[in-house]
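Participant: Task: produce atomic coordinates for the following.
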Amino acid sequence: MIPITISTGSVTEIGATTAKIGGNITNAGGGTVTSRGICWSTTQNPTVSNSKTTEGTGPGQYTSILTGLLAGTTYYARAYGENSRGVVYGSEVSFTTLGPPKLTTTAVSSITETTATSGGTITSDGGSPITAKGVVWSTSPNPTISLATKTNDGTGLGAFTSAISNLTNNTKYYIRAYAINAMGTAYGEELSFTTAIPVPPILESLKQGLVAYYPFNGNANDSSGNKNNGVFSNGAYENSQFGMAAKFNGSNSIFSTPNIVALNTDTFTFSIKVKLASHLGHNEIQLGVPNGPLRWSIGWDPNTIYLVPMTCSGTYGQGESYPQTPVSTNTWYNLIYVNRGIYTDHYLDGKFVGTSKMITPLSCWNSNMKLYLGGDIGGGAIEYYNGLMDECKIWNRNLSDAEIKYISSN
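Facilitator: Have a look, this model is predicted:
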């Protein structure tokens, strides 16, 4: 008696839980075929000890319907026939049942007040074509495609990008990619993001005319984008309520700007936050040329702060009044000076405190004036500032009252 001769047919009519496979016994081996069918498993080389069908006896062709399969699963199957000599198997075939797509959700980027960008990557179509894909979002977790808030980004496998729009500012959203095939809809992992907070219009206006901004975040660089980097000699930086601040030691710390054109005109605004540790001198913020002409000088007398208009020779503008405003040590103040030709308006923490008048016209000053923080550059006895300074800004225009109040309260 010789072995059975058997072959395994192709797999057809693959579904999510079923498939159709044929077998053909062309030689019974000189004996009686007592059992035949298809056996299958999720591992290779299945035997009749695994799942199987029984399709009668004898030689010839037969067809088996495999049932109870798992969706989206790869199976291995082969035909079998049994006679008195034992079980003989046909060649092995493999197939994957239909299943949902497999995909991931792309991290959300380019987030604005009302828009964002995401997408997904479909790594498997589950055995049937992807007919739609995109992202869906909601302010509640687990959004589904029943919502109108979704994109439709075409068909097929691979990566795709989704443009998300019509969002509400300062709002948390939940988002996930989706893909649809004959089996239904599958989703990628859920992500969340929060849209941007609206920028107050006044912040946009404060960008206009800003020619220098020194936040003193560990350096003396200009953050306005105009590259007017300053120089801070013999100073240090330390943490403050505004991030970091420049620390002046009261003995030899000096910060200076480069030659900024706006400072040599008759229209500009200067703002700075200060915290005096102790009173050591008078002229501790100056606009001018070292050992040359000074335009004005800001200083501290015990318990007061003032700006003094200077003459062309660098002496005090005697005969001209200038506001003296009460201040305390170890307290942050915002000083703003709005230069209007020969007049300079003084603001302390957003409140107008007075105006200084220049003695001499602008023409007597040269075009090399720079802003100096920390000490007297007029050539006399140097009086140094002891304390912190931060958020130094210069505009080439006069700020409005609303802008001044906003700066002082933020």
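Participant: element containing the nearest residue to S110 once chain neighbours are set aside?
Facilitator: Nearest residue to S110, sequence neighbours excluded (C-beta to C-beta, 6 or more residues apart in numbering): T117, at 4.3 Å. C-betas here are computed from N, CA, C, even on glycine. Here T117 sits within strand 116-124, counting by DSSP states H and E.
Participant: Please apply the same query to I285.
Facilitator: Here I285 sits within strand 283-288, counting by DSSP H and E.
Participant: show me where pLDDT drops low in the stretch 301-410 of the chain?
Facilitator: Within the stretch 301-410 of the chain, the ranges that satisfy pLDDT under 70 run 301-303, 306-323, 359-367, 378-382.
Participant: Now do the helices in it.
Facilitator: If DSSP state H, counting those that start in this stretch is used as the criterion, the helices of the stretch 301-410 of the chain fall at 401-409.
Participant: count of residues packed around P101?
Facilitator: 28 (other C-beta atoms under 10 Å).
Participant: For it, which non-adjacent residue is spatially closest?
Facilitator: Once flanking residues are discounted, P101 sits nearest to A179: 3.9 Å by C-beta to C-beta, 6+ apart.
Participant: Tell me how far the one you found lies from T96.
Facilitator: Computed as C-beta to C-beta, to the nearest Å, the A179 to T96 distance reads 17 Å.
Participant: Could you check which of the two has the larger neighbour count?
Facilitator: A179 (31 against 17).
Participant: one step back: part of a strand, is the residue nearest to P101?
Facilitator: Yes - applying DSSP: H, G, I helix; E, B strand; the rest coil, one finds A179 inside a strand.
Participant: you'd agree it is up against A186?
Facilitator: Yes - contact criterion C-beta atoms under 8 Å: A179 and A186 qualify, at 5.5 Å.
Participant: Overlap of the contact sets of those two?
Facilitator: Residues touching both A179 and A186 (C-beta atoms under 8 Å, 6 or more residues apart in numbering): P101, L103.
Participant: Now do L191 against S138, distance only.
Facilitator: L191 is 12 Å from S138, where distance means C-beta to C-beta.
Participant: so what's the residue nearest to I394 when sequence neighbours are not counted up against?
Facilitator: Sequence neighbours aside, A212 is the residue nearest to I394 in space, at 4.3 Å (criterion: C-beta to C-beta, 6+ apart). Contact analysis of A212 by C-beta under 8 Å, 6+ apart lists D222, S224, N226, N228, G230, T257, I260, C392, K393, I394.
Participant: Among these, name the buried ones.
Facilitator: Applying 16 or more other C-beta atoms under 10 Å to these, the neighbour count classes D222, S224, N228, G230, T257, I260, C392, K393, I394 as buried.
Participant: Name the nearest of those residues relative to T17.
Facilitator: S224 (66.4 Å; C-beta to C-beta).
Participant: per-residue pLDDT, that closest one?
Facilitator: Looking at S224, its pLDDT stands at 96.
Participant: Can you tell me, leaving aside adjacent residues, what's nearest to it?
Facilitator: Using C-beta to C-beta, 6+ apart, the closest residue to S224 is Y213 (4.2 Å).
Participant: Could you confirm the one you found falls within a strand?
Facilitator: Yes - looking at Y213 with three-state DSSP, it is inside a strand.
Participant: Could I get the contacting residues of it?
Facilitator: Applying C-beta under 8 Å, 6+ apart, the residues near Y213 are D222, S223, S224, C392, K393, I394.
Participant: State the pair within the residues you listed that is farthest apart.
Facilitator: Maximum pairwise distance in those, criterion C-beta to C-beta, is 12.0 Å, between S223 and I394.
Participant: buried sites along the strand ranked longest in the chain?
Facilitator: In the chain, ranked by residue count with DSSP state E as the criterion, the top strand is strand 267-278. Neighbour-count burial for strand 267-278 flags F268, T269, F270, S271, I272, K273, V274, K275, L276 (criterion: 16+ other C-beta under 10 Å).
Participant: Could you single out the nearest of those to G81?
Facilitator: Nearest to G81, judged by C-beta to C-beta, of these is K273 at 91.9 Å.
Participant: so how far is I336 from the closest one?
Facilitator: Distance from K273 to I336, counting by C-beta to C-beta: 10 Å.
Participant: ok, back up a step: any residues in contact with both of L191 and S138?
Facilitator: With C-beta under 8 Å, 6+ apart as the test, L191 and S138 both reach Y174.
Participant: can you confirm L203 is in a strand?
Facilitator: No - secondary structure of L203 (three-state DSSP): helix, not part of a strand.
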